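Colleague: model this:
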Amino acid sequence: MSDFKLTFLGSGTSVGIPMIGCDCEVCRSTDPRDKRLRSSIWITTPEMSWVVDTGPDFRTQCLRVGIRHLDAAIFTHPHMDHLTGFDELRRFTIPADNYMPIYALPSCLAVLERMFEYAFNGENRYRGYLKPFPKPIHGPFHLGETLVTPLPVLHGKVECIGYLFTRHGRKICAYIPDAKVLLPETMTALQGVDTLIIDALRYTEHPTHMNFAESLTVQALLKPRRTFFTHLQCEIMHGRDEPKLPPGVLLAYDGLELTW
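Modeller: Reported below is the predicted structural model:
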């Protein structure tokens with residue numbers, strides 16, 4: 001059994017691929033790697049299992065990869081494509097006395113508590129109901145033997161973070177699905193990371209997401225062993241565009257598993 005396994009539940013942008021009403025080459029592609037649900041990952045270790053973000057495709061993602069148990073859910077920011085599947089976590093808190101630890105910045109927790117007030121108000125602790133246990137993030141925390149370090153980034157007007165996962169002193173991987181700028185403290189924390197998973201929306205410029213050129217600049221500065229681009233728009237075709245990337249830089253796709 002691997003010490004740390006990461007599964008891409010989704011690798012697409014906020015509208016998913018194929019997009020509604022789009023007849024571009026990528027949206028019509030028959031390559032399964034070009035079918036992208038909203039960005040999310042599932043991590044398992046010998047001690048526990050957790051997801052990062054629960055977008056609107058979360059139920060489909062759980063069924064597709066066979067998630068049967070979760071010990072926690074952690075969130076990057078309160079945009080629709082990262083949290084609107086939140087109620088599907090109810091299947092992991094079936095007994096009346098079970099709860100789900102929810103790790104997020106206070107600003108993100110406030111949005112969740114407003115959107116899903118019925119789950120957070122403490123009045124519905126019945127069997128089969130979602131029972132979240134808010135865990136505000138104010139710094140690094142542990143999930144089992146994994147140290148989870150929040151990584152502040154700039155992403156439009158919303159407070160947003162990525163995560164660095166470290167085990168036994170080894171910086172295993174960083175997951176930054178939404179970002180336009182990585183702050184200096186984040187770049188410092190990422191020094192020596194083995195695997196970088198980073199927002200790379202498309203080739204062309206975007207006001208709140210990194211494009212390929214910007215993400216490649218970060219990759220060149222950090223020099224991780226391998227890098228995966230995620231949160232991909234339909235401007236990107238897997239089979240056509242991955243071979244154009246530098247050695248060690250790859251495109252994520254739904255269902256891809258990474259192990260350490």
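Colleague: if I look at the residue nearest to the spatial centre of the chain, how far off is residue 76?
Modeller: The chain has residue 40 as the residue nearest its centroid, 3.7 Å off, counting by C-alpha atoms, centre = their mean. Between residue 40 and residue 76 the computed distance is 10 Å (C-beta to C-beta, to the nearest Å). Where you see a C-beta, it was placed from the backbone N, CA and C, and this is true even at glycine.
Colleague: joint contacts of those two?
Modeller: Residues touching both residue 40 and residue 76 (C-beta atoms under 8 Å, 6 or more residues apart in numbering): 52-53, 82.
Colleague: mind listing which of those are in strands?
Modeller: residue 52 (DSSP state E).
Colleague: Residue 110: helix or strand, and which one exactly?
Modeller: Element membership of residue 110, judged by DSSP states H and E, is helix 106-115.
Colleague: Dump that helix to PDB, keeping only the CA atoms.
Modeller: Extracted C-alpha coordinates of helix 106-115, given in PDB (Å, rounded to 0.1, in the frame of the first residue of the first chain):
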ATOM      1  CA  PRO A 106     -13.100  31.400   8.300                       C
ATOM      2  CA  SER A 107     -14.400  33.400   5.300                       C
ATOM      3  CA  CYS A 108     -15.100  30.100   3.400                       C
ATOM      4  CA  LEU A 109     -16.700  28.500   6.400                       C
ATOM      5  CA  ALA A 110     -19.000  31.600   6.700                       C
ATOM      6  CA  VAL A 111     -20.200  31.000   3.100                       C
ATOM      7  CA  LEU A 112     -20.800  27.300   3.700                       C
ATOM      8  CA  GLU A 113     -22.700  28.000   6.900                       C
ATOM      9  CA  ARG A 114     -24.900  30.500   5.100                       C
ATOM     10  CA  MET A 115     -25.600  28.200   2.100                       C
END
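Colleague: Walking through the stretch 151-260 of the chain, point out its helices one by one.
Modeller: For the stretch 151-260 of the chain, the helices defined by DSSP state H, counting those that start in this stretch cover 184-189, 212-222, 238-241.
Colleague: can you pull the buried residues of the shortest one?
Modeller: Of the residues in helix 238-241, 238, 241 count as buried by neighbour count, 16 or more other C-beta atoms under 10 Å.
Colleague: Same check on stretch 176-184?
Modeller: Neighbour-count burial for stretch 176-184 flags 176-180, 182 (criterion: 16+ other C-beta under 10 Å).
Colleague: rewinding a little: now the element after the helix holding residue 110, going C-ward?
Modeller: helix 117-120.
Colleague: Which other helices and strands does that following helix contact?
Modeller: Where contact means 3 or more C-beta pairs under 8 Å, 6 or more residues apart in numbering; DSSP states H and E, helix 117-120 is packed against strand 132-136.
Colleague: what kind of secondary structure is residue 60 in?
Modeller: For residue 60, the assignment made with DSSP: H, G, I helix; E, B strand; the rest coil gives helix.
Colleague: That one touches residue 38, doesn't it?
Modeller: No. With contact defined as C-beta atoms under 8 Å, residue 60 does not reach residue 38; the gap is 9.9 Å.
Colleague: neighbour count winner among these two?
Modeller: Neighbour count, other C-beta atoms under 10 Å: between residue 60 and residue 38, residue 38 has more, with 30 against 15.
Colleague: Distance check, the residue nearest to that one when sequence neighbours are not counted against residue 193.
Modeller: Nearest residue to residue 38, sequence neighbours excluded (C-beta to C-beta, 6 or more residues apart in numbering): residue 55, at 3.5 Å. Taking C-beta to C-beta as the measure, residue 55 falls 24 Å from residue 193.
Colleague: Then residue 94?
Modeller: Taking C-beta to C-beta, one finds residue 94 at 36 Å from residue 193.
Colleague: Between these two, tell me which one has more neighbours.
Modeller: Taking other C-beta under 10 Å, residue 94 and residue 193 do not tie; residue 193 has more neighbours (21 against 12).
Colleague: show me the contacts for residue 194.
Modeller: Neighbours of residue 194 in contact, by C-beta under 8 Å, 6+ apart: 170-173, 224-226, 260.
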